[in-house]
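Participant: 3D model of this:
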Amino acid sequence: MAQFNGPGPRTSDNVEWLEILTYDGLRMRVGATSDRELQYTLRARDRRADIYRRLKALVDRYDLQIRTGIPDIPRRVSGDNLTALLPENGFNIAQALVGTESTCVLVLEAMVRLIPNPKARSLLVLGYPTVYDAADHVPQVMAHRPIGCEGMDDRLVKDIESIGFEREVLDVLPNGQGWLIVEFGGDSKAEADAQAAALMAELNATPNGPSREIEAHGCVAALSRQARAAAAAEDRRAMTAADRERRFDIVDAARNHEDRSWLHARESPLEVHARRTRGRCRSSLTTRSPTRGCSCRAAATTVPRRSVEG
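Facilitator: Have a look, this model is predicted:
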């Protein structure tokens, strides 16, 4: 939504300032820094000035690499946001810290820019033969300025069908093996529907256009259950023996309510024992060895470590 109706699509684009705590105990507020403010800060002899000097030296040293090595794309999800430290971007330490996930500082408080929430929304679901075909049509979809666009492939759908968890949600999907879920917003339902209809009209004129469903009267128009059942049956016939064995293992694990250790693959024997005994065995809380003086030795020493590929 913020890509077309706000300062930009990234979280960092919408951050004004951050109140941060460094790991050596310095608390300060950071944000965009003017040239005059930056020079004033650099002349100081405190810890804050030292941080600013080091960051300024980093940018000066790697200026060319920062300008040419970091792609300017709407959704950059890897690497630190070093371009925010360039002079033309206001030496914005707050925006540079967004996405570092507490590896540099702790964020105590944030000021962000808000944009109006649409009063009405319409959802358009587009089905394509593959997720790659869906990705090819993203620029065409984004030209209509939706407030949201997400992609999904058939792997997630097949996993839901195999496990049987909330399987009814699949009934709203149009035919395909890759999908784009596109949302439009407006001041009224008619306005939002008109935006979705404009995209549908363009897609109708496109050779090999997608199958689609559009929100109608507050709910997504669903395919018939018979059509979905037939498609699922066809997928099951195409499954290899290895696929079936793997999926049955997933179903068996999901149905096993007595032994859920497979959900806690990183638990230590002590933690598994404490969870199984629900705190009734005090030795599991007071000693490193849960079996010391414990009446449920077998439960503590036999810890299955099954894993599920997904």
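Participant: residues in contact with residue 134?
Facilitator: Contact analysis of residue 134 by Cβ atoms under 8 Å, 6 or more residues apart in numbering lists 126, 128, 151, 176, 178, 179, 180, 210. Bear in mind the C-beta positions are built from the backbone N, C-alpha and C, glycine included.
Participant: and it, what are its phi and psi?
Facilitator: phi -60, psi -40 (degrees, to the nearest 10).
Participant: Going by distance to residue 20, which of the contacts of residue 134 wins?
Facilitator: Using Cβ to Cβ, residue 151 is the member of these that lies nearest residue 20, at 33.9 Å.
Participant: Next, that closest one: phi, psi?
Facilitator: Dihedral angles of residue 151 (phi, psi; degrees, to the nearest 10) stand at phi -110, psi 160.
Participant: can you count the residues close to it?
Facilitator: Per other Cβ atoms under 10 Å, the neighbour tally for residue 151 reads 15.
Participant: so it bridges to which residues?
Facilitator: Applying DSSP bridges to residue 151 yields these beta-bridge partners: residue 180.
Participant: what about it, distance to residue 122?
Facilitator: Here residue 151 is placed at a distance of 18 Å from residue 122 (Cβ to Cβ, to the nearest Å).
Participant: try residue 13
Facilitator: As judged by Cβ to Cβ, residue 13 and residue 122 stand 25 Å apart.
Participant: So which of the two has more stuff around it?
Facilitator: Using other Cβ under 10 Å, the more surrounded residue of residue 13 and residue 122 is residue 122, with 26 against 18.
Participant: For the more buried one, pull up the helix or strand it's in.
Facilitator: Applying DSSP states H and E as the criterion places residue 122 in strand 120-128.
Participant: Could you do residue 194 as well?
Facilitator: Counting by DSSP H and E, residue 194 is found in helix 189-204.
Participant: And that helix, what's buried?
Facilitator: By neighbour count on 16 or more other Cβ atoms under 10 Å, the buried set for helix 189-204 is 192, 193, 195, 196, 199, 200, 203.
Participant: ok, so what distance separates the fourth one from residue 87?
Facilitator: By that I understand residue 196. Per Cβ to Cβ, residue 196 is found 42 Å from residue 87.
Participant: same question, residue 134
Facilitator: 40 Å.
Participant: same thing with residue 46?
Facilitator: Following Cβ to Cβ, the distance that separates residue 46 from residue 87 is 23 Å.
Participant: Alright, calling it a day.
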